[in-house]
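Peer 1: Got a predicted structure plus its sequence, pasted below:
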Amino acid sequence: MIRAAGVLVAVALLVAVPPARAQSRASPVVGGGSFNAAPLLEPGTYRDTVLSGEYLYYAIPLEAGQRLHVRARILDMDAETWDRATAAFSINLHTPQREPVSSPVDEDIAGNGNSDPGSITHANIGERLRWDFYGPRARPFTAASGGSDYDGPGTWYVSLHPVRVGKQPKIELPVELQLEVDGDAVEEERDPRPEPTPTATATPGGGGDDDGPGALAAVGVGALGLVAGAGAGTALARR
């Protein structure tokens, strides 16, 4: 009887303990509240939290020919909490000049676009609260620097913004963000502008075969020497 009761208690405890949640292997990071405060990240997986109505920024460098692969998902959140937290979840890309990319979703894998994940239900919330897309490739510097919009090599940015409407409560959203650099860097073309040629500069001092003041002075000294020698010879002859 005592042994049976002990087994029942153990079973009851196992049932009462909730299943352990999968632990994310992402590195913790704190997104910046502005472009200037954005942490410069290497390719990898990161975790952070963002409040409803807040903007967070992350920076990552790209070379010419490379593009950014963005994966993001909201962790451990049910549909009811999501509806109370935000009206839409916006993910945007920004060029090195901090201009938003008008259509950042080059290849949308998750099917959510780059912002609102659409209607969600308790059955599909795990699939809908994720985004997976590629941004545009960075153009070579010589091609990107000609116009008013620069989309060439440099520091690009990813921003997160859970849209808060009206008096919605500020709810903390746990986010896992994976950033990958796709493609190899291409060799930049040489600058088509001609390189300046060195100009000759005058150097002080005499030299060469010119008849400058140095040459005249030398002639005068030689003449005086001849006159003095002639005078000395005449004096000796008179003795």
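Peer 2: Structure's in. What do you need? Numbers count the residues shown, from 1 in each chain.
Peer 1: Which residues are in contact with the residue nearest to Val175 when sequence neighbours are not counted?
Peer 2: The shortest distance from Val175 to any residue other than its chain neighbours is 5.4 Å, reached at Asp48 (CB to CB, 6 or more residues apart in numbering). Backbone N, C-alpha and C define where each C-beta goes, glycine included. Residues in contact with Asp48 (CB atoms under 8 Å, 6 or more residues apart in numbering) are Pro28, Val29, Val30, Gly31, Leu56, Pro174, Val175, Leu177.
Peer 1: can you do 10 Å?
Peer 2: By CB atoms under 10 Å, 6 or more residues apart in numbering, the contact list for Asp48 reads 26-31, 39, 56, 58, 160, 173-177.
Peer 1: Glu188: which of the residues you listed is nearest?
Peer 2: Glu188 has its nearest neighbour among the contacts of Asp48 in Tyr58, at 25.7 Å by CB to CB.
Peer 1: Bridged to the closest one, which residues?
Peer 2: Counting by DSSP bridges, Tyr58 forms beta bridges with Val158.
Peer 1: Ok, the one 10 residues further on next?
Peer 2: Counting by DSSP bridges, Leu68 forms beta bridges with Val181.
Peer 1: okay but it is in contact with Asp151, surely?
Peer 2: No. The pair Leu68 / Asp151 is not scored as a contact, 11.7 Å apart, by CB atoms under 10 Å.
Peer 1: More neighbours: which of these two?
Peer 2: Leu68 (25 against 22; other CB atoms under 10 Å).
Peer 1: pLDDT (mean, whole number) over the helix or strand where Leu173 lies?
Peer 2: Following DSSP states H and E, one finds Leu173 within strand 172-182. In this model, strand 172-182 has a mean pLDDT of 95.
Peer 1: So which residues of this protein form strands?
Peer 2: Remark: strands assigned in the chain by DSSP state E are 27-28, 44-51, 56-62, 67-74, 88-94, 107-108, 130-134, 154-163, 172-182.
Peer 1: Mind listing what's buried along the strand holding Leu173?
Peer 2: Residues of strand 172-182 classed as buried by neighbour count (16 or more other CB atoms under 10 Å): Leu173, Val175, Glu176, Leu177, Gln178, Leu179, Val181.
Peer 1: do the same with stretch 131-142
Peer 2: Trp131, Asp132, Phe133, Tyr134, Gly135, Pro136, Arg137, Ala138, Arg139, Pro140, Phe141.
Peer 1: Look up how far Pro43 lies from Glu187.
Peer 2: Going from Glu187 to Pro43 by CB to CB, to the nearest Å gives 21 Å.
Peer 1: Looking at the two, which is more packed in?
Peer 2: Neighbours of Glu187 and Pro43, each counted by other CB under 10 Å, are more numerous for Pro43; the result is 13 against 9.
Peer 1: How many neighbouring residues does Ser52 have?
Peer 2: 20.
Peer 1: For the protein, give me the ranges with low pLDDT.
Peer 2: 1-24, 102-127, 190-239 (pLDDT under 70).
Peer 1: Turn the buried residues of stretch 131-142 into CSV, columns for distance to Gln97.
Peer 2: Shown next, in CSV, are the buried residues of stretch 131-142 (distance: CB to CB, whole Å):
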residue, distance to Gln97
Trp131, 24
Asp132, 26
Phe133, 21
Tyr134, 20
Gly135, 15
Pro136, 14
Arg137, 16
Ala138, 12
Arg139, 13
Pro140, 16
Phe141, 13
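Peer 1: Looking at the residues you listed, spot the one nearest Ala88.
Peer 2: Nearest to Ala88 among those, with distances taken as CB to CB, is Trp131, at 11.9 Å.
Peer 1: so what's that closest one closest to, chain neighbours aside?
Peer 2: Per CB to CB, 6+ apart, closest to Trp131 is Ala72, 4.8 Å.
Peer 1: Can you list the residue ranges for helices in this protein?
Peer 2: Here the chain has its helices, by DSSP state H, at 2-16, 79-85, 125-128, 141-144, 213-238.
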